[in-house]
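Novice: what's the 3D shape of this:
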Amino acid sequence: MDYLRSDEEQAEALKQWLKKNGTGLAVAIVAGIGGVLGFQQWQAMSLNKAADAAGRYQQIVDASATDFSLPESEPAFQSLLSTAEGLRQAHGDSHYAVLAAAVVAAQAVERGEYDLAVSQLTFAESASDEPELKALMAMRLARLELYLGEAEAALARVQAIQSQGLDASLTELLGDIYVELSEPSNARAAYQSARQSLVQSGLNTALIDLKLSALPEG
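Specialist: Numbers count the residues shown, from 1 in each chain. Alright, predicted model coming up:
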């Protein structure tokens, strides 16, 4: 389904967050607790914690290569859930926990476990304090709501998202929602806005062009 294509967006969000906040965050923490623990002790603790979170997340990513739609994959899926829950319990305030929840949600959709997918994405959206990552999780949740026939809820969620880095994706999704709501004029306006953003970014517009051509005239 459409919302599952955002794995690259997910990786890019983590990369951009680390690039933008990593150094400044370290400096701020060192300034606050350096006098108590000492820089070397804090650095070791911080690195160990980050390594643990990253390691657990990598386990989840590696496990996601499994075809969880198969009946015999149930033990592996339960192991995935356990690893994700462990990551959330130990590092619930980390971006790894947010991204892990998104991975679990994608696998839950493949299994038809939509309540689980919604709960995972709801956590991911609420737990993130980084605007772009929060917007990405909200957008994935809106895509899932649209897939489940909850177009009005998806519309309200998309309209509440504030993000400059996901303009094309947001307006394309908005167009999809308006199609579902039988509002072709609004859908056309949204798709045209998405197309303009793609052109400005030098990206392919074939899918948007196809969606525009499928709309009724007038």
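Novice: what helix or strand is the closest residue to Gly175 other than its chain neighbours located in?
Specialist: Leaving out its chain neighbours, the residue that sits closest to Gly175 by CB to CB, 6 or more residues apart in numbering is Ala190, at 3.6 Å. The C-beta positions use only the backbone N, C-alpha and C, and glycine is treated the same way. Taking DSSP states H and E as the definition, Ala190 sits inside helix 184-200.
Novice: and Ala97, by the same measure?
Specialist: helix 95-110.
Novice: and what of Ser163?
Specialist: Using DSSP H and E, no helix or strand contains Ser163.
Novice: OK, contacts around it?
Specialist: Neighbouring residues of Ser163 by CB atoms under 8 Å, 6 or more residues apart in numbering: Pro131, Glu132, Ala135, Leu136, Leu170.
Novice: most neighbours, which of those?
Specialist: Counting neighbours by other CB atoms under 10 Å, Leu136 leads the contacts of Ser163 with 28 neighbours.
Novice: per-residue confidence for it?
Specialist: What the model reports for Leu136 is a pLDDT of 89.
Novice: buried ones in the helix or strand encompassing it, by neighbour count?
Specialist: Applying DSSP H and E as the criterion places Leu136 in helix 131-147. Across helix 131-147, burial judged by 16 or more other CB atoms under 10 Å covers 132-147.
Novice: now stretch 98-105
Specialist: Buried-residue list, stretch 98-105, by 16+ other CB under 10 Å: Val98, Leu99, Ala100, Ala101, Ala102, Val103, Val104, Ala105.
Novice: measure the most centrally placed residue in the chain to Pro75 for me?
Specialist: For the chain, the residue nearest the mean C-alpha position is Met137 (3.7 Å; CA atoms, centre = their mean). Here Met137 is placed at a distance of 28 Å from Pro75 (CB to CB, to the nearest Å).
Novice: thought the residue nearest to Gly175 was touching Thr171?
Specialist: Yes - applying CB atoms under 8 Å, one finds Ala190 in contact with Thr171, separated by 4.9 Å.
Novice: and the helix holding Ala190, what does it pack onto?
Specialist: helix 167-180, helix 206-214 (3 or more CB pairs under 8 Å, 6 or more residues apart in numbering; DSSP states H and E).
Novice: which one of those is the most hemmed in?
Specialist: helix 167-180 (a mean of 22; mean count of other CB atoms under 10 Å).
Novice: show me what it is in contact with.
Specialist: Here helix 167-180 has contacts from 2, 6, 9, 135, 139, 142-143, 146, 151, 154-155, 158-159, 161, 163, 184, 186-188, 190-191, 193-194, 197-198, 201, 203, 207-208, 211, 215, using CB under 8 Å, 6+ apart.
Novice: how's this structure carved up into domains?
Specialist: 2-149, 166-218 (automatic domain parsing).
Novice: mean pLDDT for the ones you listed: which is lowest?
Specialist: domain 2-149 (a mean of 78).
Novice: so who does Gln107 touch?
Specialist: Gln107 makes contact with Ser64, Phe68, Phe77, Leu80 under the criterion CB under 8 Å, 6+ apart.
Novice: in stretch 108-126, what counts as buried?
Specialist: Buried residues in stretch 108-126 (16+ other CB under 10 Å): Ala108, Val109, Glu110, Glu113, Leu116, Ala117, Val118, Gln120, Leu121, Phe123, Ala124, Glu125.
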